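Asker: my questions are about this predicted structure, shown below with the sequence.
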Protein chains: 4
Amino acid sequence: MIIVMSEGATEQQIEAIKQRLTKEGLQLHLSQGVEKTIIGVIGDKSRISASTLEAQPGVEKVMPVLQPYKLAGRSFRHENTVIRIGDVEIGGDELQVFAGPCAVESWDQLLESAQAVKAAGAKILRGGAFKPRTSPYAFQGLEEQGLKLLAQAREETGLLICTEVMDTRSIEVIAEYSDILQVGTRNMQNFHLLRELSRVNRPILLKRGLSATIEEWLMAAEYIMAGGNYNVILCERGIRTFETQTRNTLDLSAIPIIKSLSHLPIIVDPSHGTGKRHLVRPMSMASVAAGADGIMVEVHPNPAEALCDGPQSLRPEEFVSLMDDLRRVAGVMGRTA
Amino acid sequence: MIIVMSEGATEQQIEAIKQRLTKEGLQLHLSQGVEKTIIGVIGDKSRISASTLEAQPGVEKVMPVLQPYKLAGRSFRHENTVIRIGDVEIGGDELQVFAGPCAVESWDQLLESAQAVKAAGAKILRGGAFKPRTSPYAFQGLEEQGLKLLAQAREETGLLICTEVMDTRSIEVIAEYSDILQVGTRNMQNFHLLRELSRVNRPILLKRGLSATIEEWLMAAEYIMAGGNYNVILCERGIRTFETQTRNTLDLSAIPIIKSLSHLPIIVDPSHGTGKRHLVRPMSMASVAAGADGIMVEVHPNPAEALCDGPQSLRPEEFVSLMDDLRRVAGVMGRTA
Amino acid sequence: MIIVMSEGATEQQIEAIKQRLTKEGLQLHLSQGVEKTIIGVIGDKSRISASTLEAQPGVEKVMPVLQPYKLAGRSFRHENTVIRIGDVEIGGDELQVFAGPCAVESWDQLLESAQAVKAAGAKILRGGAFKPRTSPYAFQGLEEQGLKLLAQAREETGLLICTEVMDTRSIEVIAEYSDILQVGTRNMQNFHLLRELSRVNRPILLKRGLSATIEEWLMAAEYIMAGGNYNVILCERGIRTFETQTRNTLDLSAIPIIKSLSHLPIIVDPSHGTGKRHLVRPMSMASVAAGADGIMVEVHPNPAEALCDGPQSLRPEEFVSLMDDLRRVAGVMGRTA
Amino acid sequence: MIIVMSEGATEQQIEAIKQRLTKEGLQLHLSQGVEKTIIGVIGDKSRISASTLEAQPGVEKVMPVLQPYKLAGRSFRHENTVIRIGDVEIGGDELQVFAGPCAVESWDQLLESAQAVKAAGAKILRGGAFKPRTSPYAFQGLEEQGLKLLAQAREETGLLICTEVMDTRSIEVIAEYSDILQVGTRNMQNFHLLRELSRVNRPILLKRGLSATIEEWLMAAEYIMAGGNYNVILCERGIRTFETQTRNTLDLSAIPIIKSLSHLPIIVDPSHGTGKRHLVRPMSMASVAAGADGIMVEVHPNPAEALCDGPQSLRPEEFVSLMDDLRRVAGVMGRTA
């Protein structure tokens, strides 16, 4: 941690900071420039926070040097985390594709989707039973009934199930029916939810918040890991910017950055990241070329009748063609799909 | 709703849209330009969503004309909503100042804060018992013990209490101890929480999400109102931008915009909106001059020892001076404080 | 300057950095933590740039401690800069209001505007002769003919003239006709233009770039000052964010931040900052309450016929009423208007 | 164009709009909903601007339906534009790689860079002679001397030259020495510059502005095309967002969007788009996989001694390896490199 004293800081103020740090058992180095004094702090910084130091008289700002996450960081674990569910590996050589409808609407719709997903060669079925919707008047999902349909689709097809959890009170029932629990973009900093998920025996797919920095995202993963659940899959799904041609701006540089800062697997959701069907293919290709461990894609047997996200959902035949393309880029990357 | 057909849309595609709309009992007007066809739709649009229409073949985009919120809008209620708790009015002629520490830390700290708040003339004590923190390793609040201290401070001073609720499971206990329930910026789109709060007999202070548009913010208020709780206070607290001099960018134009779109009261939190103590006074003044119904300010007896948000908390004497300044601007605005 | 070495940095890499700095005559302090080494650098940093250091092997990042601007900073000049043109002072006790049409359209339109501006008590007439337009097919201004009309309006009314310069080749002619030269938001980092303006004997109104940080804005002022022109007036006019209700998001916290970092005067343009007529009054009031030295407002005798910016232009009678309101807030701030 | 009247619009106001449009020879369709009236306008909208209509009493907003660009749009030209310079094609099957140092520093540095670029198989040498720098105290380029070195490097290696033009006054001299003229991100809306470039007999590389929407970017291309220069190459180089891990956020979805809206070629600059050397390779790969027509990359024989952009410049051997990787992705995309 580096403390930058303000230009007008007095000797007494500098002395007070020094005493405070020393009292906490921290070592310090003073650099006295012509205009400003800088104090480098060494030791276990958990004993005093940057915010507390910044509130001391005479302090201009405090600059952290170490990353605030521990378990999620590369220095905690040098090799990549590979999450295994049955014979499916996420974060390994094989790309994993999560595909399926935005929302579970009916048994027929779900089964048709699941069969298309399976036929194209993907192994994980996505589908929402609890749906976060901007409007209270929009379709909110089939809830528990939707979970049952998902479990039934798993039995029918052998696909793994990934579905969203929005509230601490429904964690238990969702964990019962689903293989992977998804935390949506709006809940990335729902800290009570994250804390409860840290005690669940299921991998968590953690979507990046709409306006979350990469550091905040890794800190959200840290919440889940701090409670003992190390199986976190990160999912980039676009951030909010001024551009209006896309629903969000997909930040693909997040992929190599996460790969360098963290050992956790990262996938990309180009459906929500762009909001437009014709952008899903190129952005999926780009994600894999940038090093993503997989893709999450919305597929619907009949997008024109979808209860949500129709404009960004692929038709089954488009999905088959996408899977073929992905396999070719995967080859270049030394991976399979 | 206006449907813009893409340039290459066929007659059949246009016809299909027309039939679909007519089947739903909607009236439509066709404008056939040289390059594009536009369809204006009149009637109860809840029968078919913009997203569904956008997913139809040949449709380029759908542009909504009406506001998606109903209860939160000015056309639902022309006069301003004034929320009354005892003899305190929020949204009336008197500005209301919510003040107190970021977090409840101890009885002494809270009592001292509360007495300072009261002495300066404010009527509502803010203080967090459950704290949303970016790091799982940071102080998370005194939880229920903090609520009890808040209730005790109310008894001691007569101030109203406003505290944050983060999880559906703690609504009941917080509602028991607190006069106003606060939804924080990270939970603005925690829809299960909003839905539960729509059934609580307490006013809700709804902070704007870090990257929420004004429309999304009003839709979050709509969630609370749709369930029957019409007592929603909006709170602007800064949005996320590229500027790094401030913690967030306070969007004061939100004040007159909310006043024109909605009947709900709006206050401003310049402490979180800027993150810096020396910006709190000018931005509080500006908020009142822009038409805000009040201010939420962090006050701590000793910011240098605060467990959170020390750098942006005012000292009691600074708060007294702020209240004096606010009264003078309030005067210009034809209000009291 | 602080150099943070990466975790895996070798002794040789640290040694190489030390030698390089010492060779440049810079003093350094080494703090060796368990995980990382930090080097504090003292001396004249102009001899080696942060970017060069960041490119050295083993360096993770370089964090500047001192502000990059010199002449524009408060430490260069502690008292406020007051710019005097005739008997008009910008940055002094009196608020200055720059008002007039977006573009000079005709002599009648300009004269009517100027008379309205003068009658309401403002002292500076704004009006564009060269207009930056997003579309090449839109009205681009009357160019030199517009400048002549502005000069004529000055003669008729005694108002000072402020008009925009877009190209190095037209500086001379604009300086001949105008009292204050405006650099628009799109040209804030047009460095050749800034450099030429540093040699002009006229105050420069420097608008903040659409996505410029406050530091970049002050560096643009530094370009003008570095060449000898110390008369720079900063103008906040809104930054680009995700919010679509306003044309831009007016960042009023920039006012007290500029006041603390710099000695230069700062005004606010709520017309471009919001893009909507009904937001101009509240945001003007807020600007003054936040400490601005003045306001720039679009006024047009007949906004419905304006060739540009009609939707955000005030009618003469609205402007009179705004000036009255501003005088009342100015009074609270201990200023006149 | 669609005009949405405000809820309280009177019959007279609607009538006035109708008369105004009819007078301009425009056809209109009225849709009278319960709450609002909508007017669809058909005909040559260049006769009356959206902004003028928005300024009329009773108008809430005006929504354009047609794209504002003409020459830059796909409907003007259905097949892709391929720009030919000698035997180099930009926008054709072969990917083009623009590579070289940020700034021309000396003959040795430039020659070494050029030889490395050529040896690796790229055909276009980039290098700045006039440098836009945030600080007036930073190295501003060798100016005309730099241009001469570039021309000499072309003679030596046969590479095409691409260099930046910052000011109307230097267009002529740069066009004399350079094959492609680059407009930098800060000048994307320097309209006088764009207009002059529309009369130059050289292809223009137009970088996207730091906070430019895709529509504004195409309008800037339109400025160049409107004057007769149809050879515009678009270059995505990152937009400004809140994320601080990267210098900018590379918006790769811009590639397929540009491909659908426009016929112009588009390349990507991952060096400026990320600001970090280790992100250049993955983001280059992703750009090609998303459909880019080429890449612009900073290469320096000794990044640790570079006068600018050292931290994001590739070493020659890294560039060779990148070219190999690009060829493999190009193969998957049915292209060569």
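Answerer: Good, I have the coordinates. Residues are numbered from 1 along each chain as shown, chains lettered A, B, ... in the order given.

Asker: give the full set of residues in contact with the residue of the stretch 1-150 of chain A found nearest chain B.
Answerer: When CB to the nearest CB is the measure, the stretch 1-150 of chain A has its nearest residue to chain B at A:Ala55, with 2.8 Å between them. Backbone N, C-alpha and C define where each C-beta goes, glycine included. Counting by CB atoms under 8 Å, 6 or more residues apart in numbering or on different chains, A:Ala55 makes contact with B:303-304, B:306, B:310-311, B:313.

Asker: ok, the longest helix seen in chain A near chain D or not?
Answerer: Secondary structure of chain A read by DSSP state H shows that its longest helix is helix A:316-332. Yes: judged by CB under 8 Å from any CB of the partner chain, helix A:316-332 comes into contact with chain D at A:328-329, A:331-332.

Asker: with neighbour count and distance to chain B added, can I get the residues you listed in TSV?
Answerer: Conversion of those to TSV gives the following (neighbours: other CB atoms under 10 Å in any protein chain shown; distance: CB to the nearest CB, whole Å):
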residue	neighbour count	distance to chain B
A:Arg328	16	28
A:Val329	25	27
A:Gly331	14	33
A:Val332	19	33
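
Asker: of these, closest to A:Thr249?
Answerer: Proximity of the residues of helix A:316-332 next to chain D to A:Thr249 was ranked by CB to CB; the top entry is A:Val329 with 21.6 Å.

Asker: neighbours of A:Ile233, how many?
Answerer: The burial count assigned to A:Ile233 is 26, neighbours taken as other CB atoms under 10 Å in any protein chain shown.

Asker: helix/strand/coil for it?
Answerer: What DSSP: H, G, I helix; E, B strand; the rest coil gives for A:Ile233 is strand.

Asker: show me what contacts the nearest residue to the residue of the stretch 1-150 of chain A closest to chain B once chain neighbours are set aside?
Answerer: Taking CB to CB, 6 or more residues apart in numbering or on different chains, and ignoring the residues beside it in sequence, A:Ala55 has B:Gly310 as its nearest neighbour in space, at 2.8 Å. Residues touching B:Gly310, when contacts are defined by CB under 8 Å, 6+ apart, comprise A:51-52, A:54-55, B:300, B:303-304.

Asker: among those, name the ones in helices.
Answerer: When helices are assigned by DSSP H, the members of these inside them are A:51-52, A:54.

Asker: give me the pLDDT for the residue nearest to A:Met166 when sequence neighbours are not counted.
Answerer: Residue nearest to A:Met166 in three dimensions, not counting chain neighbours: A:Phe130, with 5.0 Å by CB to CB, 6+ apart. Predicted confidence (pLDDT) for A:Phe130: 96.

Asker: against chain D, how distant is A:Phe130?
Answerer: Distance from A:Phe130 to chain D, counting by CB to the nearest CB, to the nearest Å: 28 Å.

Asker: likewise A:Ile257?
Answerer: Shown here: A:Ile257 relative to chain D, a distance of 5 Å by CB to the nearest CB.

Asker: from chain B, how far out is the residue lying closest to A:Gly121 once chain neighbours are set aside?
Answerer: Taking CB to CB, 6+ apart as the measure, A:Gly121 lies nearest to A:Met323, with 5.4 Å between them; neighbours along the chain are not counted. Per CB to the nearest CB, A:Met323 is found 22 Å from chain B.

Asker: what about the strands in the stretch 201-337 of chain A?
Answerer: When assigned using DSSP state E, counting those that start in this stretch, the strands of the stretch 201-337 of chain A occupy the ranges A:204-207, A:232-236, A:266-268, A:294-298.

Asker: any idea of the pLDDT on A:Val62?
Answerer: The predicted structure lists A:Val62 with a pLDDT of 91.

Asker: residues near it, how many?
Answerer: Counted with other CB under 10 Å, residues neighbouring A:Val62 total 20.

Asker: what parts of chain A come near chain C?
Answerer: Going by CB under 8 Å from any CB, the residues of chain A near chain C are A:2, A:4, A:7, A:29-36, A:38, A:40, A:42, A:63, A:65-66, A:75, A:240-242, A:244.

Asker: is the helix or strand containing A:Gln152 positioned near chain B?
Answerer: Secondary-structure assignment from DSSP states H and E places A:Gln152 in helix A:144-157. No: no part of helix A:144-157 sits close enough to chain B to count as contact by CB under 8 Å from any CB; the gap is at least 14.0 Å.

Asker: run the chain-centre distance for that helix.
Answerer: Between the centre of helix A:144-157 and the centre of its host chain there is 25 Å, according to CA atoms, centre = their mean, to the nearest Å.

Asker: average pLDDT for that helix?
Answerer: Rounded to a whole number, the mean pLDDT of helix A:144-157 is 98.

Asker: only C-alpha atoms, please: export that helix in CSV.
Answerer: The C-alpha coordinates for helix A:144-157 follow below in CSV (Å, rounded to 0.1, in the frame of the first residue of the first chain):
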residue,chain,number,x,y,z
GLU,A,144,-40.5,-24.4,-9.7
GLN,A,145,-42.5,-25.9,-12.5
GLY,A,146,-39.7,-24.7,-14.9
LEU,A,147,-37.1,-26.5,-12.7
LYS,A,148,-39.0,-29.7,-13.0
LEU,A,149,-39.1,-29.5,-16.7
LEU,A,150,-35.4,-28.8,-16.8
ALA,A,151,-34.7,-31.9,-14.7
GLN,A,152,-37.0,-33.9,-17.0
ALA,A,153,-35.1,-32.6,-20.1
ARG,A,154,-31.8,-33.8,-18.4
GLU,A,155,-33.3,-37.2,-18.0
GLU,A,156,-34.4,-37.3,-21.6
THR,A,157,-31.2,-36.1,-23.2
